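Chemist: Generate a structure from the sequence data that follows.
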Amino acid sequence: LQGRSLMHPRQPELVGNDLWELRDEAGHPTIQQLIAKASEGGGFIDYLWRKPSTRQTTPKLGYVIALPRWNWMLGTGFYLDDVQATMAQLDHQVAANIETTFLWIAGIALSGIALITVCGLALNLSEHKEADAKLRQLAQQVVQSQESERAHLSRELHDGTSQTLVSIKLL
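Modeler: Just a heads-up that it's a prediction; the model follows:
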């Protein structure tokens, strides 16, 4: 709790050094802030730290607690640029999944519309054929009715009018 590093798994060059006066690029006393948070009962804290893998200063979210019996502060954390990169990758994957899903839905919708159109055309064609058949049947009935009427008229003329004329002539 006095600022001396007793152990650091990723940066062994810090072990044994007094880091009390260590400040980040913005001038904030990094170790003093971590110790203060641990002394308050512990918790999360944002700070800047040099990332061992890239040797660049990046934002880090840490969690610290105090072990007052040993006069130690124990902390852990993760680099937020890694989280942001993972989130960007997830956003990209989600966008790709949404696009794929949208294309599938559009394909299914178009297939459904095509199927409905084909069924509508088939039904329309079927009704058209049925109407055409009924129209032919009706035309045939009209022709039969005309022929029947002509035959009836012919019989009437032959039997009724012709006989009346013959009777008149004979008189």
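
Chemist: Strands of the protein, start to end?
Modeler: 43-51, 56-67, 72-79 (DSSP state E).

Chemist: wait, which of those strands is closest to Gly112?
Modeler: Proximity to Gly112 (Cβ to Cβ) singles out strand 72-79 among the strands of the chain, at 47.8 Å. Any C-beta I mention is one placed from the backbone N, CA and C, and that applies to glycine too.

Chemist: Show me the beta-bridge partners of Lys51.
Modeler: Using DSSP bridges, the bridge partners assigned to Lys51 are Gln56.

Chemist: show me the contacts for it.
Modeler: Lys51 is in contact with Thr57, Thr58, Lys60, Tyr79, Asp81, counting by Cβ atoms under 8 Å, 6 or more residues apart in numbering.

Chemist: From these, pick the one nearest Leu6.
Modeler: Closest to Leu6, out of all of those and judged by Cβ to Cβ, is Lys60, at 19.2 Å.

Chemist: Mind pulling up the pLDDT for that closest one?
Modeler: pLDDT, Lys60: 93.

Chemist: okay, which residue is most central for this protein?
Modeler: Geometric centre of the chain, nearest residue: Ile98, 4.2 Å, by Cα atoms, centre = their mean.

Chemist: And the pLDDT for it?
Modeler: Per-residue confidence (pLDDT) for Ile98: 97.

Chemist: any idea how far it lies from Asp91?
Modeler: 10 Å (Cβ to Cβ, to the nearest Å).

Chemist: which residues of the chain score low on pLDDT?
Modeler: The chain contains residues with pLDDT under 70 at 161-162, 171.

Chemist: where along it do the helices fall?
Modeler: With DSSP state H as the criterion, the chain has helices at 30-39, 80-156, 162-170.

Chemist: which parts of stretch 30-37 are buried?
Modeler: Going by neighbour count (16 or more other Cβ atoms under 10 Å), the buried part of stretch 30-37 is Thr30, Ile31, Gln33, Leu34, Ile35, Lys37.

Chemist: hey, what's Gly43 bridged with?
Modeler: Val64.

Chemist: That one reaches Gln33, doesn't it?
Modeler: No. When contacts are counted by Cβ atoms under 8 Å, Gly43 is not listed as touching Gln33 (11.6 Å).
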